[in-house]
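Trainee: My questions concern the predicted model and sequence given below.
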Amino acid sequence: MNNFTKQIETQFLNLVRKPSRYIGSEVNSINKPKVAAKLSFALCFPDIYEIGMSHTGLAILYDVLNSMADVAAHRCFTPWIDAAELLRKNKIPLFALESKEPLRDYDVIGFSLTTELCYTNMLLMLDLAGLALRSKDRKESDALVIAGGQMANCCEPVADFVDLFVLGEAEETVVELAKFLIEAKQAGKTKSQSLLEVAQKFDWAYVPSLYEFEYDGEKIVSFKAASAGMRDHFHSAVVSDFDNAHVPQKPIVPYLQPVHERVSIEIMRGCPGRCRFCQASFCRRPIRYRSIERIVDIAKKQYHATGFDTISLLSLSTADYPELGELVTRLNEYFSPLRVGLSLPSLRVDQQLSLMPKLGASVRKSGLTIAVEAASQNLRLMINKPLTDENLFAGIEAAYRAGYRALKLYFMVGFPGETQADILAIVDLCVAIARLRKNIDGKTGEVTAAVSWLVPKTHTPFQYLSQQSGEYFENARRLILARKKELGIKYVSFKFHNYNQSILESAIGRGDRRLCNVIEAAYRAGAKFDLWDEAFDMEIWRNAFADNGFDVNTQAQRQYSTEEILPWQHLGGPSVQGLLDHYLAAQQLTELTGE
């Protein structure tokens, strides 16, 4: 045991709450000695262990890197508030779970960025690691800081903190990058030389320090490379052979129960739907499927390596897997005798009718989740969600007949053209859905409606829109609760997302590089775990925006012109013309309703 490991055990693990978040050595974890590797990766997830251990992308990267003979990849998650305070107090640098060695001693520190509200956690991890927050302030000998995930495609608000962004699907690009970095390291190249060469070599590699913006007020006048000959547009990497793409055979079995404790298998990538507010449906293209044989083989291997009692079939739209019924039958044949159930998220109600007989008792009946999004047909048409009330009711009746008793419905408020009647219709639709069960057994169903607030997302048709104000969202919440009280119903409950988090998400998500100052200021003032209600403090963010010459509400509600240069348009994503076509179609539908 080295002195650093001893310090962790005597001054940290024995004092911190939930030490199992930080000890590592779980079943199926991989502890390749860092010293024996030609390249070492610290894979960082900017949230707590229980969240990060449920992230499929992190699990794939961990396994694929460790499958390379010359690479050692270890994990690190954001320490919770108590743990971060202990690390600072005892001057213990943030460390990787497998090696118990400081992050700053790794060749590469890689972050998976899943949401705008995890940015301060990334800064917290860099700070706890003893590294300068800004790339320009770090030394040539410091670790290379890279980032990927969905936020890489709108990364300018954190561009000053990251050396290199990897755009798109990473299971193949990370192998290419690792091989490149090993060769560069052996050739004695500096970090700056390596960054220049990787930016020239790969169109999915964005090195923000090599590019600059010119501004005129709030607008961008130009985006260009600092030197001639560099590309000025990037592309998201795509795994073409998805059926044979890398999948862990032996997933880690966490000590603490994660958010999703199950065998999770991605059965398809992409979504045939084009909901105009959804970033994933426009960015995760083309649509690709795994074969039934491959899925069943993965399920068997992962089950026997973990003992998890649920198989979850993951995708953006599981109902659109072309042979879903046959897949369910094949999985049932093997797993039903083992008392292993199936979980099918993202089912469409019009598919449930045909699937219910095949699902039988194999699918967990604790509750059914349906993303309705809008209660009125007009709004569904405008957002391009092909769901009719007729199909919705028929699908839910089929679910009640199959044994489901509790339903969770997802709605969104803040769509263009939305009226007060559309908002009130959310309550009325929930009541109608709950009462459908009376046709089956004379009882009323239990409905929980989760209401979130529209955040106009980059690389979607709604990227140009102004977000509604906090006052609008608060009024919508009051209208819904007042309508529920008026009807006197107890079998429908409502849960509302914190609209200040949605406002912040909009303000940051569509911002440019000047917001780096805002994000650092918020972090320095104490912002962290902004996704968590118990830690989120909007006042910190209001002050950080104001101190840097911005207003958070103005930023969130900014309307972008279809003619101006957008801060994210160089960062992969779908064609601009395709987004404009959808945007104009939505505008026309809004005008037809008289709004």
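Mentor: On my side now, so go ahead.

Trainee: same question for the helix or strand harbouring residue 331, mean pLDDT?
Mentor: Using DSSP states H and E, residue 331 sits within helix 324-335. For helix 324-335, mean pLDDT rounds to 92.

Trainee: what helices or strands is that helix leaning on?
Mentor: helix 292-306, strand 310-314, strand 341-343, helix 349-359 (3 or more C-beta pairs under 8 Å, 6 or more residues apart in numbering; DSSP states H and E). Every residue, glycine included, has its C-beta placed from N, CA and C.

Trainee: Let me know whether residue 110 touches residue 143 as I believe.
Mentor: No - applying C-beta atoms under 8 Å, one finds residue 110 not in contact with residue 143, separated by 9.6 Å.

Trainee: Identify the contacts common to these two.
Mentor: residue 42 (C-beta atoms under 8 Å, 6 or more residues apart in numbering).

Trainee: any idea which residue sits dead centre in the chain?
Mentor: residue 114 (3.5 Å; C-alpha atoms, centre = their mean).

Trainee: For the closest residue to that one other than its chain neighbours, which residues are in contact?
Mentor: Spatial nearest neighbour of residue 114, chain neighbours left out: residue 149 (5.3 Å); criterion: C-beta to C-beta, 6 or more residues apart in numbering. By C-beta under 8 Å, 6+ apart, the contact set of residue 149 is 57, 111, 112, 113, 114.

Trainee: So which of those residues belong to strands?
Mentor: Counting by DSSP state E, those place 111, 112 in strands.

Trainee: Can you pull the domain assignment for the protein?
Mentor: For the chain, the domain assignment from automatic domain parsing gives the residue ranges 3-225, 255-364.

Trainee: By mean pLDDT, show me the worst of those domains.
Mentor: Minimum mean pLDDT among these: domain 255-364, a mean of 85.

Trainee: which of residue 110 and residue 143 has more neighbours?
Mentor: Neighbours around residue 110 and residue 143, counted as other C-beta atoms under 10 Å, are more numerous at residue 110. The numbers are 28 against 24.

Trainee: what about the residue nearest to that one when sequence neighbours are not counted, neighbour count?
Mentor: Leaving aside its sequence neighbours, residue 110 sits nearest to residue 146 (C-beta to C-beta, 6+ apart; 4.8 Å). Residue 146: 24 surrounding residues under other C-beta under 10 Å.

Trainee: Same check on the one 10 residues further on?
Mentor: Residue 156 is flanked by 26 other residues according to other C-beta under 10 Å.

Trainee: list the contacts for it?
Mentor: 208, 511, 512, 513, 515, 567, 568, 571.

Trainee: switch the cut-off to 7 Å
Mentor: 511, 512, 513, 567, 568 (C-beta atoms under 7 Å, 6 or more residues apart in numbering).

Trainee: Please identify the helix or strand for residue 145.
Mentor: Using DSSP H and E, residue 145 falls in strand 144-148.

Trainee: how much space between the residue lying farthest from the centre of the chain and residue 396?
Mentor: Ranked by distance from the centre of the chain (C-alpha atoms, centre = their mean), the top residue is residue 442, with 40.3 Å. The spacing between residue 442 and residue 396, counted by C-beta to C-beta, to the nearest Å, is 16 Å.

Trainee: Could you do residue 425 as well?
Mentor: Residue 425 is 16 Å from residue 396, where distance means C-beta to C-beta.

Trainee: Look at these two and report which has more neighbours.
Mentor: Taking neighbours as other C-beta under 10 Å, residue 425 and residue 396 compare with residue 396 leading, 24 against 19.

Trainee: can I assume that one is in contact with residue 435?
Mentor: No - between residue 396 and residue 435 there is no contact under C-beta atoms under 7 Å: 10.5 Å.

Trainee: can you give me the helices in the stretch 151-300 of the chain?
Mentor: Per DSSP state H, counting those that start in this stretch, the stretch 151-300 of the chain carries helices over the ranges 170-186, 191-201, 279-283, 292-306.

Trainee: So which bits of the first one are buried?
Mentor: Taking 16 or more other C-beta atoms under 10 Å as the neighbour-count basis, helix 170-186 is seen to contain the buried residues 170-178, 180-182, 184.

Trainee: mind listing the strands for the stretch 101-250 of the chain?
Mentor: 108-112, 144-148, 164-166, 205-206, 211-216, 219-225 (DSSP state E, counting those that start in this stretch).

Trainee: Which of those sits closest to residue 302?
Mentor: Relative to residue 302, the nearest member of the strands of the stretch 101-250 of the chain by C-beta to C-beta is strand 108-112, separated by 20.5 Å.

Trainee: The closest one vs helix 170-186, what angle?
Mentor: 160 degrees (axes from the mean of the first three to the mean of the last three C-alpha atoms, to 10 degrees).

Trainee: Indicate each strand paired with strand 108-112 and its parallel or antiparallel sense.
Mentor: Strand 108-112 pairs in its sheet with strand 39-45 (parallel), strand 144-148 (parallel), by DSSP bridges.
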